[in-house]
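[1] Return a 3D structure for these sequence lines:
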Amino acid sequence: MSRFLRMKTWSWMSDVDNVTGDQSHDLVLQPVWDYLHQNHQDLLRSPLFPVVLSVTTYFVLVGLYTLLDLLAPTWPCINRYRLHRDRPVTWPNIWNTLGVTVYNHVFFIFPAAVAQWLWRPPTPLPPEAPTLWSFFLGILGCMVIFDFQYYLWHLLHHRVPWLYRTFHAVHHQYNHPFSLVTQYLSGWELFSVGFWATVDPILLRCHCLTTWTFMVFNVYVSTEDHCGYDFPWATHNLVPFGLWGGAPKHDAHHQRPGTNFAPFFSHLDWLGGTHTTSAPSSHEAGEPDKMKDRKD
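    Now for the predicted structure:
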């Protein structure tokens, strides 16, 4: 009898632990999803929403970094974090890169958005939010796949001269990138990046909340990689063991174009023999800057 009671008590405690654990795990994102579902359903279901979300995120981030670029020459507290403190971002730099960015949005992103709006059905919104585990695992999975795809694309467009000259060379007209260089791209490169960022969550069957978060994070990392700053809170300073690329390594890529091809992690560059450490700025090295941006 006592053995039977002990077994029942153990079974009940296990059931309670499982139920409460699962519920606390599953319900973390549910209030957020319920609010979005109930108050912004029409907006979230629109095929235009992912495009508007990505574009808005990009221009907000670029606007903030550009403001820092303009303040940096007279604000030492900002300039101290710049990778190239003796190379201020000028208004001609800003207008040139902004012009190409606006051109790409008008002639490539806008038509693609209209096509989505006309041909894609409204996005179905499930009543349940993703579990916290599936949310982070989905984002990580999209990052790993995107990292592999873009590494191969990037490597190929540097190793094949015709591909480099035709599609990728425009992005390397700036040896010392700043935030607006992020989408200083050919239409083909912009399409490739946008295509993978859209398709990868579909391949992994991610919840739409996971998909949108990955898109925002992808835009953030791309902008951060090109921002030209090494802030203490930057992603590469938060991820240990040098596993993350970040602005210093991508800055090194623009100065040493045969290195650091991956957009997120560092493992593919390590395995492929294309990894290099950050290139010190001329200011930090105490040497004259011999590499001039073509658009300066």
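[2] Please point out which parts of stretch 248-259 sit buried.
    By neighbour count, with 16 or more other C-beta atoms under 10 Å as the criterion, the buried positions of stretch 248-259 are 248-255, 259. C-beta coordinates here come from the backbone N, C-alpha and C atoms, glycine included.
[3] Any chance of those in CSV with secondary structure and pLDDT as columns?
    Written out in CSV, the entries for those read as follows (DSSP: H, G, I helix; E, B strand; the rest coil; pLDDT from 0 to 100):
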residue, secondary structure, pLDDT
Pro248, helix, 95
Lys249, helix, 95
His250, helix, 95
Asp251, helix, 95
Ala252, helix, 95
His253, helix, 96
His254, helix, 95
Gln255, helix, 91
Thr259, coil, 94
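[4] which residue sits closest to the spatially most central residue of the chain, ignoring its sequence neighbours?
    For the chain, the residue whose C-alpha lies nearest the mean C-alpha position (C-alpha atoms, centre = their mean) is Asn218; its distance is 2.1 Å. Nearest-residue entry for Asn218: Ala197, 5.3 Å, with adjacent residues in sequence omitted and distances by C-beta to C-beta, 6 or more residues apart in numbering.
[5] could you say what helices and strands the one helix or strand Thr213 maps to packs with?
    Element membership of Thr213 [criterion: DSSP states H and E] is helix 208-226. Where contact means 3 or more C-beta pairs under 8 Å, 6 or more residues apart in numbering; DSSP states H and E, helix 208-226 is packed against helix 30-39, helix 49-71, helix 132-159, helix 187-203, helix 247-255.
[6] again, only this time at 10 Å
    For helix 208-226, the helices and strands in contact under the criterion 3 or more C-beta pairs under 10 Å, 6 or more residues apart in numbering; DSSP states H and E are helix 30-39, helix 41-45, helix 49-71, helix 132-159, helix 187-203, helix 235-238, helix 247-255.
[7] for the protein, which spans come out with low pLDDT?
    Residues of the chain that meet the criterion pLDDT under 70 lie in 1-26, 278-296.
[8] rerun at 50
    Low-confidence segments of the chain, defined by pLDDT under 50, span residues 1-24, 280-296.
[9] Do I have it right that Val62 meets His226?
    Yes. Counting by C-beta atoms under 10 Å, Val62 sits close enough to His226 to count as a contact (9.4 Å).
[10] which residues do these two both contact?
    Shared contacts of Val62 and His226, defined by C-beta atoms under 10 Å, 6 or more residues apart in numbering, are found at 97, 178-183.
[11] Identify the farthest-apart pair in the residues you listed.
    With C-beta to C-beta as the measure, no two of the shared contacts of Val62 and His226 lie farther apart than Phe178 and Gln183, at 12.0 Å.
[12] so who does Pro88 touch?
    The contact partners of Pro88, taken as C-beta under 10 Å, 6+ apart, are 69-70, 72-74, 79, 82, 178.
[13] what do you get for Trp270?
    Contact partners of Trp270, counting by C-beta under 10 Å, 6+ apart, are 242-243, 262.
[14] can you tell me the helix or strand for it?
    Following DSSP H and E, one finds Trp270 within helix 267-272.
[15] so how far is Ile109 from Leu185?
    With distances taken as C-beta to C-beta, to the nearest Å, Leu185 is found 11 Å from Ile109.
[16] Find residues that contact each of the two.
    Residues touching both Leu185 and Ile109 comprise 101, 191, with contact defined as C-beta under 10 Å, 6+ apart.
[17] follow-up on the earlier one: mean neighbour count, the helices and strands packed on helix 208-226: which tops it?
    Ranked by mean neighbour count under mean count of other C-beta atoms under 10 Å, the helices and strands packed on helix 208-226 are led by helix 247-255, which reaches a mean of 23.
[18] quick one: that helix to helix 132-159, angle?
    20 degrees (axes from the mean of the first three to the mean of the last three C-alpha atoms, to 10 degrees).
[19] 203 is where my numbering starts, stick with that
    In the new numbering, first residue 203, that becomes helix 449-457.
[20] one step back: more neighbours, Phe380 and Gln385?
    The neighbour count for Phe380 versus Gln385, taken as other C-beta atoms under 10 Å, is higher for Phe380 (28 against 25).
[21] where's the more buried one relative to Pro328, distance?
    With distances defined as C-beta to C-beta, the gap from Phe380 to Pro328 amounts to 40 Å.
[22] Also Gly430?
    Taking C-beta to C-beta as the criterion, Gly430 is separated from Pro328 by 41 Å.
[23] what does Ser381 give?
    Ser381 sits 35 Å away from Pro328, taking C-beta to C-beta as the criterion.
[24] I'd guessed Glu330 sits against Leu231; true?
    Yes. Counting by C-beta under 10 Å, Glu330 does reach Leu231; the two are 9.4 Å apart.
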